[in-house]
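>>> Got a predicted structure here, sequence first:
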Amino acid sequence: DSEATGAAIVAAARSQIGVPYSWGGGGYKGKSKGIGRGNNTVGFDCSGLAQYAVYTGTGKIIARISRQQYKDSQCKRVAYDSREPGDLVFFGSPVHHVAIVINATFMIAAPHTGDYVKEQVIYAEERQPFVRRCFCDCDATGAAIVAAARSQIGVPYSWGGGGYKGKSLGTGSGAHTVGFDCSGLAQYAVYKGTNKIISRTSGLQYTDSHCKREAYANRQPGDLVFFGSPVHHVAIVSSATQMIAAPQTGDHVKEQAIYAAERQPYVERCDCEATGAAIVAAARSQIGVPYSWGGGGYKGKSKGIDQGAHTVGFDCSGLAQYAVYKGTNKIISRTSQLQYKDSHCKRVTYSSRKPGDLVFFGSPPHHVAIVSSATHMIAAPHTGDHVKEQAIYATERQPYVERCY
């Protein structure tokens, strides 16, 4: 959800208020010693802070310096008047400074040597600042997928070649060629644009839980378009009439007309709208795993503590942390009380709940589950039970709902 992600970017930047400015310092992993005049100071410069905040809020690693961040394909240009919390605001022509928008008038910045990370008024300039949005905006995500695919135009086709890490030697007829086959290119482009690792073959990509089916008539740039029944080929939609494809042995990655077929191609969208479905799929994959007090987390099931010390499994919040991480690459807090207030998520009304939302029970919250439909949830209920899909508990007070995607 874009509002939740923007808030998480702001929260990450705010958490660094008071950290010293360090020229060349910091990055997506956090503060660090800089270079030049910053080599004796652990801190952030402006673009290091921006990279850290965007990564912590979205899982995306954007470029490291402000000029490159301004052109980063994982972000999209928005009008200054349309700025929102979590956007990056850039100053100078050419760009030489960046900060994180908090609201219409304030930003969080690492200004200059001798200063520190702080909240301040957005600079007044004769020329309006530039604004880029690097969080879960579906238009931006589709553009980033297309940009990733376009960056590989000219790379040779290689049967079995490539994947989310990039081009590689293939198998069989592709064993001596570094390149991509159709599904390797699709996996790479989706990963670069969304940080989601979808399945590796076109047949599995077509049913991947990270994506959702769309009508061919509703296709958008960044969608995956599939051909054949059963599916045997995939490409990336770049416009209403064009796609980027790795067609066949002897050819190369190229932009071309979408194939005319007797049967309309299938379309899958792997952007932020599909994330809720991925959270549900991750939770469903653990159905039957035993409940273990203190067990599990974003890495998967594990032995718990106290009465769960001898059981490999999940408690309710361990399951929630795992499902959100698998679906979004965000690591939320580990306990239900902290998850309820986690800055990666935003409060939504119970009546607005959607699959993939977290639903909390108790006041203060002491139990959490993953919404799977209007009436059902996936939960790890208590010792002696197991992960299962069940009706959402009926309570006198409506449960709380948080959206973490």
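Looks like it arrived, so ask away. As the structure is a computational prediction, the values presented were derived from the model and not from experiment.
>>> who touches Val117 in this structure?
The neighbours of Val117, taking Cβ atoms under 8 Å, 6 or more residues apart in numbering as the test, are 13, 16-19, 21, 43-44, 49, 108-110. Yep, even glycine has a C-beta here, placed from its N, CA and C like the rest.
>>> So how do I select the buried members of those in PyMOL?
Applied in PyMOL, the following selects the buried portion of the contacts of Val117 according to 16 or more other Cβ atoms under 10 Å:
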select buried, resi 13+16+19+21+43+44+49+108+109+110
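>>> Next one: Tyr157 from Ser183, what distance?
According to Cβ to Cβ, to the nearest Å, Tyr157 and Ser183 sit 12 Å apart.
>>> Could you do Glu84 as well?
In terms of Cβ to Cβ, Glu84 sits 35 Å off from Ser183.
>>> Can you pick out the residue with more neighbours from those two?
Each of Glu84 and Ser183 has its neighbours counted (other Cβ atoms under 10 Å); Ser183 has more, 28 against 18.
>>> Isn't that one up against Arg200?
Yes: assessed by Cβ atoms under 8 Å, Ser183 is found in contact with Arg200 at 6.1 Å.
>>> Below-threshold pLDDT in the chain: ranges please.
1-4, 125-128, 132, 134-140, 262-263, 271-274, 396-398, 403-405 (pLDDT under 70).
>>> Leu169 is in contact with Ala175, correct?
Yes: here Ala175 lies in contact with Leu169, judged by Cβ under 8 Å, at a distance of 6.3 Å.
>>> could you pull out the strands for the stretch 301-405 of the chain?
Listed in chain order, the strands found in the stretch 301-405 of the chain under DSSP state E, counting those that start in this stretch are 302-303, 312-313, 346-348, 358-361, 367-371, 376-379, 388-391, 400-403.
>>> Pairing partners for Ala235 in the sheet, please.
With DSSP bridges applied, Ala235 shows beta-bridge pairing to Val225.
>>> What's the local residue count around it?
Using other Cβ under 10 Å, Ala235 is surrounded by 29 other residues.
>>> do the same with Arg67
Neighbour count for Arg67, taken as other Cβ under 10 Å: 14.
>>> ok, and the closest non-adjacent residue to it?
Spatial nearest neighbour of Arg67, excluding adjacent residues (Cβ to Cβ, 6 or more residues apart in numbering): Val95 at 5.0 Å.
>>> nearest to His376, of the contacts of Val117?
Set against His376, the nearest of the contacts of Val117 by Cβ to Cβ is Ala13 (37.2 Å).
>>> pretty sure the closest one is in contact with Gly48, am I right?
No: using Cβ under 8 Å, Ala13 makes no contact with Gly48, being 11.3 Å away.
>>> How is this protein divided into domains?
Using automatic domain parsing, the domain parsing of the chain gives 2-133, 138-270, 274-403.
>>> Give the burial count for His310, as a bare number.
So His310, with other Cβ under 10 Å, has 8 neighbours.
>>> ok, for it, nearest residue in space, not its chain neighbours?
His310's closest residue in space is Lys303 (Cβ to Cβ, 6+ apart), at 7.0 Å.
>>> how about the one you found, what does it touch?
By Cβ under 8 Å, 6+ apart, the neighbours of Lys303 are 292, 295, 309-312.
>>> cool, and Ala124?
Ala124 touches nothing, counting by Cβ under 8 Å, 6+ apart.
>>> Can you verify Ala143 is assigned to a strand?
No: under DSSP: H, G, I helix; E, B strand; the rest coil, Ala143 sits outside any strand and is assigned helix.
>>> Could you verify my assumption that it touches Arg133?
No: when contacts are counted by Cβ under 8 Å, Ala143 is not listed as touching Arg133 (10.7 Å).
>>> list residues touching both of the two?
Residues within reach of Ala143 and of Arg133 at once, by Cβ under 8 Å, 6+ apart, are Lys76.
>>> Comparing the two, which shows the higher neighbour count?
Legend: neighbour count by other Cβ under 10 Å for Ala143 and Arg133, higher for Arg133 (24 against 21).
>>> Isn't that one up against Pro85?
No: between Arg133 and Pro85 there is no contact under Cβ under 8 Å: 10.7 Å.
>>> The residue nearest to Arg37 when sequence neighbours are not counted - how many residues pack around it?
Excluding its sequence neighbours, the residue lying closest to Arg37 (Cβ to Cβ, 6+ apart) is Trp23, at 5.2 Å. By the criterion of other Cβ under 10 Å, Trp23 has 19 neighbours.
>>> same question, Val89
Residues near Val89, counting by other Cβ under 10 Å, number 21.
>>> Where does it sit, in terms of helix or strand?
In the assignment (DSSP states H and E), Val89 maps to strand 88-91.
>>> Give the other helices and strands that that strand contacts.
helix 66-70, strand 97-101, strand 130-133 (3 or more Cβ pairs under 8 Å, 6 or more residues apart in numbering; DSSP states H and E).
>>> in its sheet, what does it sit against?
According to DSSP bridges, strand 88-91 forms sheet pairs with strand 97-101 (antiparallel), strand 130-133 (antiparallel).
>>> any chance of the ones you listed in CSV, plus distance to Val324?
CSV is the format used below for those (distance: least, Cβ to Cβ, whole Å):
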stretch, distance to Val324
strand 97-101, 23
strand 130-133, 22
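>>> what's the spacing between Lys254 and Val237?
Taking Cβ to Cβ, one finds Lys254 at 14 Å from Val237.
>>> Between the two, which is the more surrounded one?
Taking neighbours as other Cβ under 10 Å, Lys254 and Val237 compare with Val237 leading, 26 against 15.
>>> Torsion angles phi and psi at the more buried one?
phi -70, psi 130 (degrees, to the nearest 10).
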